[in-house]
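Colleague: Just need the structure, nothing else, for what follows:
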Amino acid sequence: MISDIIAITSSGENLNAALDLYRKVAAYSDLSPKGALHLRLLAEEMLSMMRSITGEVSGKFWIEAEDGEYKLHLLVNAALTKEKREELLNASTSGKNEATRSFMGRIRDFFFRGMNDEIASYNTAVLGAGAASKGFMPVTDWEWSLLRYQDTLSALKEKEPEAADAWDELEKSVVSNVADNVKVSIKGFETEMTIIKKLV
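Modeller: Modelled structure (predicted):
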């Protein structure tokens with residue numbers, strides 16, 4: 001089953017309709033109250049990424065369900081011009097992206113990277129721990145996985161302070177505590193986040 005595909009924007013267009021999809025999917029699938037709550041939490045976290053971006057960024061949101069596995073999708077043409085990215089950062093008091101201090105903030109900062117930036121420039125030692133390149137060009141065919149990220153951080157957290165901090169962020173994240181996996185896939189400047197969760 002694939003839900004309706006809702007066109008959304010960062011300025012708020014159709015975000016309520018997109019969030020309402022979780023109710024329709026939960027009712028259609030006859031999910032338990034706990035299952036419906038988990039679906040709602042994941043949808044809210046994903047859609048909050050769109051709300052947090054100033055300016056007009058458009059995307060699509062939908063939910064797939066098959067054999068008790070639910071996949072929440074957010075697909076955007078997420079690349080911002082260098083000027084737009086600087087404008088967003090200048091709007092913060094520090095001139096830095098304060099949102100990157102959390103786990104979802106790091107993902108969001110990468111998700112809405114600048115169109116003049118190569119993926120490699122966001123592939124920090126910590127965030128890049130969950131990454132795999134599938135192409136020859138740095139900007140294409142790239143995928144990040146929460147499971148790979150967790151495995152790498154777990155191995156590094158005793159030795160590297162940055163990995164230990166990232167592990168703490170991860171443990172506090174709603175998404176990492178509820179989702180079974182999170183994937184961010186990039187093809188050119190089209191970016192897709194998929195949150196995967198088994199529910200009953």
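
Colleague: contacts and neighbour counts: CA atoms only from here.
Modeller: Fine.

Colleague: How about S176, nearest residue that isn't a chain neighbour?
Modeller: Spatial nearest neighbour of S176, chain neighbours left out: L170 (6.3 Å); criterion: Cα to Cα, 6 or more residues apart in numbering.

Colleague: With A18 instead?
Modeller: Using Cα to Cα, 6+ apart, the closest residue to A18 is I6 (5.8 Å).

Colleague: Just give me the neighbour total for the one you found.
Modeller: 19 (other Cα atoms under 10 Å).

Colleague: what's around I107, how many residues?
Modeller: 19.

Colleague: Tell me how far it lies from S58.
Modeller: 17 Å (Cα to Cα, to the nearest Å).

Colleague: if we can go back for a sec, spit out the contact partners of the residue nearest to A18.
Modeller: I6 sits next to N14, A17, A18, K60, F61, W62 when contact means Cα atoms under 8 Å, 6 or more residues apart in numbering.

Colleague: Buried subset of the residues you listed, written for ChimeraX?
Modeller: In ChimeraX, this line selects whichever of the contacts of I6 come out buried by 16 or more other Cα atoms under 10 Å:
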select :14,18,60,61,62
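
Colleague: Help me confirm that G12 comes into contact with R51.
Modeller: Yes - G12 is in contact with R51 according to Cα atoms under 8 Å; the separation is 6.6 Å.

Colleague: quick one on the thing from earlier: the residue nearest to S176: which element?
Modeller: Using DSSP states H and E, L170 sits within helix 161-172.

Colleague: Same question for L21.
Modeller: helix 15-29.

Colleague: Output that helix in CSV with nothing but the alpha carbons.
Modeller: Presented in CSV, the C-alpha positions along helix 15-29 are these (Å, rounded to 0.1, in the frame of the first residue of the first chain):
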residue,chain,number,x,y,z
LEU,A,15,2.3,20.2,5.8
ASN,A,16,-0.8,19.5,7.9
ALA,A,17,-2.2,17.3,5.1
ALA,A,18,1.1,15.4,5.0
LEU,A,19,1.1,14.9,8.7
ASP,A,20,-2.5,13.7,8.5
LEU,A,21,-1.3,10.8,6.3
TYR,A,22,-0.1,9.0,9.4
ARG,A,23,-3.8,8.9,10.7
LYS,A,24,-5.1,7.5,7.4
VAL,A,25,-2.3,4.9,7.1
ALA,A,26,-2.8,3.9,10.8
ALA,A,27,-6.5,3.5,10.3
TYR,A,28,-6.2,1.6,7.0
SER,A,29,-3.6,-0.7,8.5
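
Colleague: May I have the secondary structure class of G105?
Modeller: helix (DSSP: H, G, I helix; E, B strand; the rest coil).

Colleague: Having no further points to raise, I will conclude here.
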